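Enquirer: here is a sequence with its predicted model. Questions after.
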Amino acid sequence: MGQKGFWDEQERREKLNQKKPMLKWLNEHINWEDFRPILETIYDKERKSNAGRKPTDVIVMFKLLILQQMYAISDDELELQVNDRISFMEFLGLGIEDAIPDAKTIWLFRDNLAKHELVKELFARFDNYLREKGYIVEVGQIVDATLIPVPVQRNTRQENQEVKEGNIPKQWEEKPHVLRQKMPVG
(Lines give C-alpha, C1' and ligand atoms only; values in the text may rest on other atoms or scores of the structure.)
Protein backbone atom coordinates (compact mmCIF):
# COMPACT_ATOMS: atom_id res chain seq x y z
CA MET A 1 0.00 0.00 0.00
CA GLY A 2 1.38 3.41 -0.99
CA GLN A 3 1.78 6.54 1.08
CA LYS A 4 -1.39 8.48 1.78
CA GLY A 5 -1.55 11.98 0.37
CA PHE A 6 -3.58 15.19 0.50
CA TRP A 7 -6.31 13.85 -1.80
CA ASP A 8 -6.78 10.78 0.40
CA GLU A 9 -7.37 13.04 3.41
CA GLN A 10 -9.80 15.25 1.47
CA GLU A 11 -11.74 12.19 0.28
CA ARG A 12 -11.95 10.89 3.84
CA ARG A 13 -13.29 14.25 5.09
CA GLU A 14 -15.93 14.30 2.34
CA LYS A 15 -17.08 10.80 3.32
CA LEU A 16 -17.36 11.91 6.96
CA ASN A 17 -19.41 14.95 5.98
CA GLN A 18 -21.76 12.81 3.91
CA LYS A 19 -22.37 10.34 6.72
CA LYS A 20 -22.61 12.84 9.61
CA PRO A 21 -23.33 16.23 8.05
CA MET A 22 -24.85 17.87 11.14
CA LEU A 23 -21.82 19.88 12.25
CA LYS A 24 -21.10 21.03 8.71
CA TRP A 25 -24.78 22.02 8.37
CA LEU A 26 -24.56 24.09 11.57
CA ASN A 27 -21.51 25.95 10.27
CA GLU A 28 -23.24 26.66 6.97
CA HIS A 29 -26.54 27.85 8.47
CA ILE A 30 -25.59 29.68 11.65
CA ASN A 31 -23.91 33.05 11.53
CA TRP A 32 -21.59 32.48 14.47
CA GLU A 33 -20.35 36.07 14.31
CA ASP A 34 -23.78 37.18 15.57
CA PHE A 35 -22.77 35.67 18.92
CA ARG A 36 -19.43 37.50 19.16
CA PRO A 37 -20.66 40.82 20.66
CA ILE A 38 -22.45 39.00 23.49
CA LEU A 39 -19.58 36.57 24.07
CA GLU A 40 -16.93 39.28 24.17
CA THR A 41 -18.70 41.10 26.98
CA ILE A 42 -17.09 38.61 29.38
CA TYR A 43 -13.71 40.15 28.49
CA ASP A 44 -14.80 43.80 28.71
CA LYS A 45 -12.37 44.61 31.47
CA GLU A 46 -9.05 45.86 30.19
CA ARG A 47 -6.15 43.46 30.24
CA LYS A 48 -3.53 44.57 32.72
CA SER A 49 -0.74 43.38 30.48
CA ASN A 50 -0.24 41.95 27.03
CA ALA A 51 1.94 39.24 28.53
CA GLY A 52 0.77 35.67 28.38
CA ARG A 53 -1.23 33.78 25.83
CA LYS A 54 -4.26 35.44 24.27
CA PRO A 55 -7.54 33.82 25.21
CA THR A 56 -9.00 31.31 22.77
CA ASP A 57 -11.47 32.91 20.36
CA VAL A 58 -14.89 33.25 22.02
CA ILE A 59 -16.65 31.69 19.02
CA VAL A 60 -14.50 28.55 19.34
CA MET A 61 -15.24 28.43 23.05
CA PHE A 62 -18.98 28.83 22.50
CA LYS A 63 -18.98 26.14 19.83
CA LEU A 64 -17.24 23.86 22.35
CA LEU A 65 -20.19 24.39 24.69
CA ILE A 66 -22.59 23.63 21.83
CA LEU A 67 -20.78 20.32 21.20
CA GLN A 68 -20.86 19.56 24.91
CA GLN A 69 -24.60 20.15 25.11
CA MET A 70 -25.40 18.23 21.92
CA TYR A 71 -23.40 15.17 22.92
CA ALA A 72 -23.98 15.38 26.71
CA ILE A 73 -20.30 15.03 27.60
CA SER A 74 -18.10 16.30 30.43
CA ASP A 75 -15.36 18.90 30.06
CA ASP A 76 -12.69 16.20 30.16
CA GLU A 77 -14.50 14.07 27.58
CA LEU A 78 -15.01 17.12 25.36
CA GLU A 79 -11.28 17.87 25.42
CA LEU A 80 -10.55 14.25 24.47
CA GLN A 81 -13.17 14.13 21.70
CA VAL A 82 -12.02 17.40 20.11
CA ASN A 83 -8.45 16.10 20.07
CA ASP A 84 -9.62 12.79 18.62
CA ARG A 85 -12.36 13.68 16.13
CA ILE A 86 -11.79 15.35 12.79
CA SER A 87 -15.44 16.40 12.59
CA PHE A 88 -15.22 18.26 15.91
CA MET A 89 -12.00 20.01 14.90
CA GLU A 90 -13.53 21.07 11.57
CA PHE A 91 -16.67 22.34 13.30
CA LEU A 92 -14.46 24.49 15.53
CA GLY A 93 -12.31 25.67 12.62
CA LEU A 94 -9.23 24.07 14.12
CA GLY A 95 -6.59 21.96 12.47
CA ILE A 96 -4.45 19.18 13.86
CA GLU A 97 -1.68 21.73 14.42
CA ASP A 98 -3.86 24.07 16.53
CA ALA A 99 -3.98 24.07 20.30
CA ILE A 100 -7.17 22.55 21.68
CA PRO A 101 -8.62 24.22 24.80
CA ASP A 102 -8.28 21.94 27.80
CA ALA A 103 -11.04 20.92 30.20
CA LYS A 104 -10.16 23.63 32.74
CA THR A 105 -10.30 26.36 30.05
CA ILE A 106 -13.73 25.10 28.97
CA TRP A 107 -14.95 25.08 32.58
CA LEU A 108 -13.61 28.62 33.21
CA PHE A 109 -15.27 29.95 30.04
CA ARG A 110 -18.66 28.42 30.93
CA ASP A 111 -18.29 29.70 34.51
CA ASN A 112 -17.49 33.19 33.20
CA LEU A 113 -20.61 33.10 30.98
CA ALA A 114 -22.68 32.03 34.00
CA LYS A 115 -21.27 34.85 36.16
CA HIS A 116 -22.29 37.32 33.46
CA GLU A 117 -25.71 35.60 33.21
CA LEU A 118 -25.27 34.96 29.48
CA VAL A 119 -25.78 31.20 29.21
CA LYS A 120 -29.58 31.25 28.74
CA GLU A 121 -29.44 34.17 26.31
CA LEU A 122 -26.79 32.52 24.13
CA PHE A 123 -28.45 29.11 24.01
CA ALA A 124 -31.86 30.68 23.38
CA ARG A 125 -30.35 32.54 20.41
CA PHE A 126 -28.78 29.30 19.15
CA ASP A 127 -32.12 27.48 19.51
CA ASN A 128 -33.87 30.31 17.65
CA TYR A 129 -31.47 29.94 14.71
CA LEU A 130 -32.33 26.25 14.54
CA ARG A 131 -36.07 26.81 14.91
CA GLU A 132 -36.01 29.41 12.11
CA LYS A 133 -34.55 26.68 9.91
CA GLY A 134 -37.14 24.18 11.15
CA TYR A 135 -34.91 22.12 13.45
CA ILE A 136 -34.30 21.38 17.10
CA VAL A 137 -31.32 19.61 18.62
CA GLU A 138 -32.05 16.24 20.10
CA VAL A 139 -29.44 15.87 22.80
CA GLY A 140 -27.88 12.46 22.91
CA GLN A 141 -24.81 10.56 23.70
CA ILE A 142 -21.63 10.91 21.71
CA VAL A 143 -22.86 8.45 19.10
CA ASP A 144 -26.29 9.81 18.37
CA ALA A 145 -26.77 13.59 18.66
CA THR A 146 -28.84 14.67 15.68
CA LEU A 147 -30.81 17.54 14.24
CA ILE A 148 -34.48 16.69 14.08
CA PRO A 149 -36.96 18.46 11.81
CA VAL A 150 -39.66 20.00 13.95
CA PRO A 151 -43.11 18.67 13.09
CA VAL A 152 -45.40 21.45 11.96
CA GLN A 153 -48.34 21.69 14.30
CA ARG A 154 -51.34 23.68 13.23
CA ASN A 155 -53.48 25.46 15.79
CA THR A 156 -57.23 25.41 15.54
CA ARG A 157 -59.01 28.71 14.99
CA GLN A 158 -60.18 28.60 18.58
CA GLU A 159 -56.61 28.06 19.83
CA ASN A 160 -55.34 30.97 17.71
CA GLN A 161 -58.07 33.23 19.11
CA GLU A 162 -57.23 32.27 22.70
CA VAL A 163 -53.51 32.95 22.11
CA LYS A 164 -54.32 36.36 20.54
CA GLU A 165 -56.34 37.18 23.67
CA GLY A 166 -53.29 36.35 25.80
CA ASN A 167 -54.70 33.07 27.11
CA ILE A 168 -53.26 29.59 27.03
CA PRO A 169 -55.71 27.12 25.50
CA LYS A 170 -57.01 24.67 28.13
CA GLN A 171 -56.05 21.59 26.06
CA TRP A 172 -52.42 22.81 26.00
CA GLU A 173 -52.29 23.13 29.79
CA GLU A 174 -53.45 19.54 30.15
CA LYS A 175 -50.51 18.32 28.06
CA PRO A 176 -47.20 19.96 29.17
CA HIS A 177 -45.27 18.62 26.15
CA VAL A 178 -47.73 20.37 23.80
CA LEU A 179 -47.46 23.60 25.80
CA ARG A 180 -43.64 23.47 25.57
CA GLN A 181 -43.77 22.93 21.81
CA LYS A 182 -46.33 25.62 21.03
CA MET A 183 -45.41 28.47 23.34
CA PRO A 184 -42.73 30.85 22.05
CA VAL A 185 -39.40 30.99 23.89
CA GLY A 186 -38.68 34.31 25.53
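Expert: In hand now; what should we look at?
Enquirer: what's the domain layout of the protein?
Expert: 9-149, 153-186 (automatic domain parsing).
Enquirer: in the chain, which spans are helices?
Expert: For the chain, the helices defined by DSSP state H occupy 6-19, 22-29, 36-40, 58-71, 75-84, 86-92, 103-115, 119-132, 157-164, 170-173, 176-182.
Enquirer: I'd like the ones you listed as TSV, with mean pLDDT and mean neighbour count appended.
Expert: In short, each C-beta sits where N, CA and C put it, glycine included. Below are these laid out as TSV (pLDDT from 0 to 100; neighbours: other CB atoms under 10 Å):
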stretch	mean pLDDT	mean neighbour count
helix 6-19	63	11
helix 22-29	88	16
helix 36-40	94	14
helix 58-71	94	20
helix 75-84	94	17
helix 86-92	91	18
helix 103-115	94	16
helix 119-132	89	14
helix 157-164	76	12
helix 170-173	70	13
helix 176-182	58	12
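Enquirer: D34 and I59, how far apart?
Expert: 10 Å (CB to CB, to the nearest Å).
Enquirer: what of G95?
Expert: For G95 relative to I59 (CB to CB), the value is 16 Å.
Enquirer: repeat for N112
Expert: 15 Å.
Enquirer: run a quick neighbour tally on the residue nearest to T56 when sequence neighbours are not counted.
Expert: With sequence-adjacent residues excluded and distances taken as CB to CB, 6 or more residues apart in numbering, T56 is closest to P101, at 5.1 Å. As a burial measure, P101 scores 23 neighbours (other CB atoms under 10 Å).
Enquirer: for P101, grab phi and psi.
Expert: phi -60, psi 140 (degrees, to the nearest 10).
Enquirer: that one contacts L64, doesn't it?
Expert: Yes - assessed by CB atoms under 8 Å, P101 is found in contact with L64 at 6.4 Å.
Enquirer: which neighbours do the two have in common?
Expert: V82, F109 (CB atoms under 8 Å, 6 or more residues apart in numbering).
Enquirer: how about E79, what does it touch?
Expert: I100, P101, D102, A103, I106.
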